[in-house]
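Enquirer: One predicted model, sequence on top.
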Amino acid sequence: MTQTPAFDKPKVELHIHLDGAIKPETILYYGKKRGIALPADTAEELQDIIGMDKPTSLPDFLAKFDYYMPVIAGSREAIKRIAYEFVEMKAKEGVVYVEVRYSPHLLANSKVEPIPWDQAEGDLTPDEVVAVVNQGLQEGERDFGVKVRSILCCMRHQPNWSLEVVELCKKYQHQTVVAIDLAGDETIQGSSLFPGHVQAYEEAVRSGIHRTVHAGEAGSAEVVRQAVDTLKTERVGHGYHTLDDEALYTRLRRENLHFEVCPWSSYLTGAWKSDTEHPVVRCPVTEPQGWHQASGGQSHLSLTQEKATRTWGNRGQACTGLSAKLKKGRSSGCDRITRGS
Ligand SMILES: [Zn+2]
């Protein structure tokens with residue numbers, strides 16, 4: 001997993017999932033400690049099973065979470081440790097600023113309906129999950145010198161969680177939390193318009209909580225349109241299928257919408273078919289400075305498919321970050337969604 005990145009400069013990472021960036025050693029440790037069976041006994045074997053280095057089907061991808069999430073969810077100690085180790089991992093990769101996202105509900109075992117991962121009911125609420133993650137992130141910030149902020153995810157299939165997510169964003173906005181996200185299966189018909197999500201995003205607008213939405217990765221350009229027009233998102237996670245709708249593409253480019261694109265992840269999840277041109281390639285052709293690989297707001301990179309694969313390939317994590325804006329702008333994306341010092 002450790003390798004020297006081709007882009008060996010300070011980096012900003014805006015799209016990474018905490019529960020997709022856990023060390024296999026830590027999973028094994030808590031599996032043993034908590035008496036939860038895992039499909040492997042060594043870190044290498046486990047990495048082979050839960051890691052990804054080639055495209056897989058959605059059921060296979062989701063099955064990986066079923067293996068290890070029960071080991072981490074519901075344990076304050078494990079959750080704090082994965083947050084702390086996440087920051088350590090980012091420091092080793094040369095990341096200077098990171099926004100890490102997760103669903104508090106998927107790590108809880110109390111006051112969450114349904115209780116995820118077939119856990120028995122316990123006493124760890126989504127609220128306390130956020131507090132525990134924050135402790136781990138803040139201790140990591142202190143020890144490793146990486147600036148860390150977090151984004152709380154609503155899940156498309158659980159609109160009943162979303163209003164609590166926005167309340168947690170408000171409660172913890174001065175303790176790492178900078179935005180709300182909508183993650184999960186965007187092909188669930190009409191899920192951007194589920195009242196729970198819509199009301200949560202309306203409250204986010206009212207309360208000045210920043211907003212991003214996973215859209216146009218596996219879903220259509222229409223999902224991107226709903227994210228922008230209904231959910232009033234300020235950033236779009238992935239957004240590749242925006243290119244299927246020329247008018248929408250032109251409009252969002254004019255509006256300077258920020259896209260968080262993840263070339264390697266899009267290859268592994270099949271969101272991008274590797275025998276076609278990657279959507280991220282298009283913009284540099286028409287506007288050389290339009291797509292930013294954010295690195296402290298200083299370095300701009302015209303990206304080709306080959307460069308994307310070489311630079312972010314084989315990182316072993318879903319959704320590693322490369323930020324992009326559809327139009328030339330002065331600031332890197334992190335400036336637009338970050339608050340606090
Ligand atoms: Zn993502």
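Expert: Nice, I can see it.
Enquirer: show me where the stretch 101-250 of the chain has strands.
Expert: 147-155, 177-183, 210-215, 235-238 (DSSP state E, counting those that start in this stretch).
Enquirer: Okay, now the sheet partners of the first one, with direction.
Expert: Partners of strand 147-155 in the sheet, by DSSP bridges, are strand 95-102 (parallel), strand 177-183 (parallel).
Enquirer: Likewise for the shortest one?
Expert: Sheet neighbours of strand 235-238, with direction, are listed as strand 210-215 (parallel), strand 258-261 (parallel) (DSSP bridges).
Enquirer: Which element is encountered next along the chain beyond the last one?
Expert: In the C-terminal direction, the helix or strand that comes right after strand 258-261 (DSSP states H and E) is helix 263-268.
Enquirer: hang on, the earlier thing: okay, the strands of the stretch 101-250 of the chain in a markdown table with mean neighbour count, mean pLDDT and distance to residue 56 next?
Expert: In short, each C-beta sits where N, CA and C put it, glycine included. Output for the strands of the stretch 101-250 of the chain, formatted as a markdown table (neighbours: other C-beta atoms under 10 Å; pLDDT from 0 to 100; distance: least, C-beta to C-beta, whole Å):
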| stretch | mean neighbour count | mean pLDDT | distance to residue 56 |
| --- | --- | --- | --- |
| strand 147-155 | 24 | 97 | 21 |
| strand 177-183 | 25 | 96 | 18 |
| strand 210-215 | 26 | 96 | 18 |
| strand 235-238 | 26 | 93 | 17 |
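Enquirer: need these in JSON lines with distance to residue 139, can you?
Expert: Below are the strands of the stretch 101-250 of the chain laid out as JSON lines (distance: least, C-beta to C-beta, whole Å):
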{"stretch": "strand 147-155", "distance to residue 139": "10"}
{"stretch": "strand 177-183", "distance to residue 139": "16"}
{"stretch": "strand 210-215", "distance to residue 139": "24"}
{"stretch": "strand 235-238", "distance to residue 139": "27"}
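Enquirer: Ok, which of those comes nearest residue 54?
Expert: Evaluated over the strands of the stretch 101-250 of the chain, closeness to residue 54 peaks at strand 235-238, with 19.3 Å, by C-beta to C-beta.
Enquirer: Okay, now the unreliable bits of the chain?
Expert: Residue ranges of the chain with pLDDT under 70: 1-7, 58, 283-341.
Enquirer: circling back to that earlier point, export the strands paired with strand 235-238 to TSV and append columns for distance to residue 197.
Expert: Formatted as TSV, these follow (distance: least, C-beta to C-beta, whole Å):
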stretch	distance to residue 197
strand 210-215	9
strand 258-261	19
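Enquirer: returning to what we had before: reformat the strands paired with strand 147-155 into JSON lines and put distance to residue 229 next to each item.
Expert: Output for these, formatted as JSON lines (distance: least, C-beta to C-beta, whole Å):
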{"stretch": "strand 95-102", "distance to residue 229": "23"}
{"stretch": "strand 177-183", "distance to residue 229": "14"}
